[in-house]
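Chemist: My questions are about this predicted structure, shown below with the sequence.
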Amino acid sequence: MKTLYLSGEPNPRQLEFFLSRARHTAYGGARGGGKSWAMRRKLVMLALRYPELNILLLRRTLPELRENHIIPLRRELYGIADFNTTERVFDFPNRSRIKLGYCDSSGDVYQYQGQEYAVIGMEEATHFTEEQQQFLTTCNRTSKIGFTPRMYYTCNPGNVGHAWVKRLFIDREFREDEDPRDYLFIPARIWDNKALLRADPGYVNQLRALPEALRRAHLEGDWDVHAGQYFSEFSRDKHVVEPRGLPPWYRRFRSMDWGYNDPCCVLWHAVDPEGRVITYRELYLRQTRAEEVARLVCELSRGEEIAYTVASPDLWQNRGQMLRTAGGFEGETLAEIFIKSGLAVSPADNSRVAGWQRVRGYLADAPDGLPKWQCFSNCTNLIRTLPLLQYDLRDREDAAQGEDHAPEALRYGLMSRPQAPVPPKEIRKRAYDPLDLGVKHAGGYMSC
Ligand SMILES: Nc1ncnc2c1ncn2[C@@H]1O[C@H](COP(=O)(O)OP(=O)(O)O)[C@@H](O)[C@H]1O
Ligand SMILES: [Mg+2]
């Protein structure tokens, strides 16, 4: 058998990464620190050390995967492991395998449903959403005795996964079902990577020349800056208020971003006499059939008069298999299922850029000094994900797709409202239904 020769000695941080036995190990911070190099080496060492080990290495897009891993690994493993181009798998003689995958769209992770990987490597983990990471964790298992499943992450600050990586590995704020001992973070510094500093001394200067926020994130590995944040004007102090009883005459409506594998988010809104929209309730569900969502929405709305419900326009498409999983029949649309189940829905205006602009408008202050939109602190997913929206790098006007289900529901809701939320004085004086200001969906018939 050919001897494996790999150039380069690990630097002390890379060595720490190699030696970690934690269930989740993240190596992150500055660019150029040698993270991808360490990830490749670690996975190859594991494949060689343990027979029949099933390993998955992921990046967000195929071009990145090819450049960063397929090309270097094919070079390094030539004569050591066979590469199956169609399946993108390296097969080792001891029957270990490294599968290389990518998750371009948010649902791509579900192709790994039912698969078992003893080791999963997530490259540039902040490019993945928390849903994707959580789903992948369910595939990280093995029936191999004597080997505990592990996940390895490399990451830079910023992007759609910034918040979950920061929460778990930097802030170490754990939920009840998470054991702090399972999470280890190793900071990456470009100064550790002597190989790069020698080969390309100008690289540090390129990072130094970046704008302030990007420089702090990419050169210094600072996790507090959040470059690319779409709604930097969102402020918990201003926009989030404690729940309180709202007068029954406030006009109420709902908005929904439908999802089955991705979360389904329903928001309840009320309009106060100033035209301010107050989002007062949120329902955030996963893998719940349409009838059940409709039932819960109606139950939660009991005793309230809801003028209309706008929902993602894709509910009016016939989505075959997707529809069957969600509880419908061939030829039926999800919208029909909702309506049949007592929740009358009308299609939301899905103009993305105009919609995000509308949200931005509502985040601004009204003449009374309070923002035109506020939400109750019980809308936890909306509060968590709205500030995490990132600019789409391909379209600087748009927000990137990430965990955007609650923000999308908000966008649909606000797009159903008039643009200028300050009502004329004479309308404000009316006691009942004071704000029927040309709402686009006012024609929608009453439902639960
Ligand atoms: N220990 C090492 N020995 C030799 N070269 C290394 C070593 N660590 C990293 N490199 C090289 O340094 C460069 C940057 O490393 P990379 O892993 O791509 O950084 P990062 O993923 O942190 O941005 C690459 O060319 C890589 O091959
Ligand atoms: Mg890298």
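Modeler: Done, it's in. Numbers count the residues shown, from 1 in each chain. Ligands and ions are numbered 1, 2, ... in the order given.

Chemist: State the mean pLDDT of the one helix or strand Thr309 maps to.
Modeler: For Thr309, the host element (DSSP states H and E) is strand 306-311. Strand 306-311 shows a mean pLDDT of 97.

Chemist: Tell me the confidence at Glu426?
Modeler: pLDDT, Glu426: 37.

Chemist: follow-up on the earlier one: list the neighbouring strands of the strand holding Thr309 plus their orientation.
Modeler: Each strand paired with strand 306-311, and its direction, by DSSP bridges: strand 251-257 (parallel), strand 346-347 (parallel).

Chemist: If you compare the directions of the helix or strand that the first one is followed by and strand 306-311, what angle comes out?
Modeler: To tie it back to what came earlier, the one meant is strand 251-257. Next helix or strand after strand 251-257 toward the C-terminus (DSSP H and E): strand 264-271. For strand 264-271 against strand 306-311, the angle by axes from the mean of the first three to the mean of the last three CA atoms, to 10 degrees is 140 degrees.

Chemist: From the contact counts, what lies against strand 264-271?
Modeler: Packing contacts for strand 264-271, counted by 3 or more CB pairs under 8 Å, 6 or more residues apart in numbering; DSSP states H and E, involve strand 251-257, strand 277-285, helix 290-300, helix 380-385, helix 405-415. Using the backbone N, CA and C atoms, a C-beta is placed for each residue, glycine as well.

Chemist: can you list the weak-confidence ranges in this structure?
Modeler: Within the chain, the ranges that satisfy pLDDT under 70 run 1-7, 213, 224-227, 318-330, 393-394, 396, 420-448.

Chemist: tell me which parts of it are close to ligand 2?
Modeler: Contact residues (CB under 5 Å from the ion) of the chain with ligand 2: Lys35, Ser36.

Chemist: Nearest spatial neighbour of the closest residue to ligand 1 within the chain, chain-adjacent residues omitted?
Modeler: Minimum separation of the chain from ligand 1 (CB to the nearest ligand atom) falls at Gly8, amounting to 2.5 Å. In space, and not counting its chain neighbours, Gly8 is closest to Ala195: 6.0 Å by CB to CB, 6 or more residues apart in numbering.

Chemist: Touching, that neighbour and Gln14? I think so.
Modeler: No. Using CB atoms under 8 Å, Ala195 is not in contact with Gln14; the gap is 10.3 Å.

Chemist: anything in contact with each of these two?
Modeler: Gly34 (CB atoms under 8 Å, 6 or more residues apart in numbering).

Chemist: Comparing the two, which residue is more hemmed in?
Modeler: Shown here are Ala195 and Gln14; by other CB atoms under 10 Å, Gln14 has more neighbours (24 against 15).

Chemist: Can you tell me the element the more buried one falls in?
Modeler: helix 12-19.

Chemist: ok now that helix, how far from the chain's centre?
Modeler: In this view, helix 12-19 has its centroid 29 Å away from the chain centroid, taken as CA atoms, centre = their mean, to the nearest Å.

Chemist: Tell me the helices and strands packed up against it.
Modeler: For helix 12-19, the packing partners by 3+ CB pairs under 8 Å, 6+ apart are strand 24-29, helix 35-49, strand 183-188.

Chemist: Strand 24-29 and that one, what's the angle between them?
Modeler: 160 degrees.

Chemist: what's the angle between helix 12-19 and helix 35-49?
Modeler: Relative orientation of helix 12-19 and helix 35-49, computed by the same axes, to 10 degrees: 30 degrees.

Chemist: Can I get helix 12-19 as PDB, trimmed to CA atoms?
Modeler: Extracted C-alpha coordinates of helix 12-19, given in PDB (Å, rounded to 0.1, in the frame of the first residue of the first chain):
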ATOM      1  CA  PRO A  12      -0.700  24.500  18.300                       C
ATOM      2  CA  ARG A  13      -4.300  25.400  17.700                       C
ATOM      3  CA  GLN A  14      -4.700  22.800  14.900                       C
ATOM      4  CA  LEU A  15      -3.200  20.300  17.300                       C
ATOM      5  CA  GLU A  16      -5.800  21.200  19.900                       C
ATOM      6  CA  PHE A  17      -8.500  20.600  17.200                       C
ATOM      7  CA  PHE A  18      -7.000  17.200  16.400                       C
ATOM      8  CA  LEU A  19      -6.900  16.200  20.100                       C
END
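
Chemist: Need the residues that contact that helix.
Modeler: Residues contacting helix 12-19 (CB under 8 Å, 6+ apart): 10, 25, 27, 33-34, 37-38, 41-42, 45, 152, 186-189, 192.

Chemist: Arg295 contacts Ser341, doesn't it?
Modeler: Yes. Using CB under 8 Å, Arg295 is in contact with Ser341, at 6.6 Å.

Chemist: Among those two, which residue is more densely surrounded?
Modeler: Using other CB under 10 Å, the more surrounded residue of Arg295 and Ser341 is Ser341, with 20 against 16.

Chemist: Flag every residue of this protein that's near ligand 1.
Modeler: 8-11, 14, 31-37, 188, 193, 195-196 (CB under 6 Å from any ligand atom).

Chemist: Return the member of those residues nearest to ligand 2.
Modeler: The nearest member of these to ligand 2, counting by CB to the ion, is Ser36 at 3.3 Å.

Chemist: Can you give me the domain assignment for the chain?
Modeler: 12-218, 236-429 (automatic domain parsing).

Chemist: and those as CSV, adding distance to Tyr230?
Modeler: CSV is the format used below for the domains of the chain (distance: least, CB to CB, whole Å):
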stretch, distance to Tyr230
domain 12-218, 11
domain 236-429, 4
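
Chemist: Which stretch among those domains approaches Gly228 most closely?
Modeler: Closest to Gly228 of those, according to CB to CB: domain 236-429, at 4.6 Å.

Chemist: chain center to that closest one, what's the gap?
Modeler: Per CA atoms, centre = their mean, the centroid offset for domain 236-429 relative to its chain is 18 Å.

Chemist: Stretch 57-74 too?
Modeler: 21 Å.

Chemist: and it, which residues are buried?
Modeler: Residues Leu57, Leu58, Arg59, Arg60, Leu65, Asn68, His69, Ile70, Leu73 are the ones in stretch 57-74 that count as buried (16 or more other CB atoms under 10 Å).

Chemist: Now for these: which two are most distant?
Modeler: Within the buried residues of stretch 57-74, Arg60 and Leu73 form the most distant pair, 17.6 Å apart (CB to CB).

Chemist: Name the secondary structure element that contains Pro273.
Modeler: Counting by DSSP H and E, Pro273 is found in no helix or strand.

Chemist: Count residues in the vicinity of it, would you?
Modeler: Pro273: 16 neighbours (other CB under 10 Å).

Chemist: In terms of helices and strands, where is the residue in the stretch 101-250 of the chain that ligand 2 sits nearest to?
Modeler: Residue nearest to ligand 2 within the stretch 101-250 of the chain (CB to the ion): Thr154, separated by 5.9 Å. Assigned by DSSP H and E, Thr154 belongs to strand 150-155.

Chemist: I'm done for today, thanks for sticking with me.
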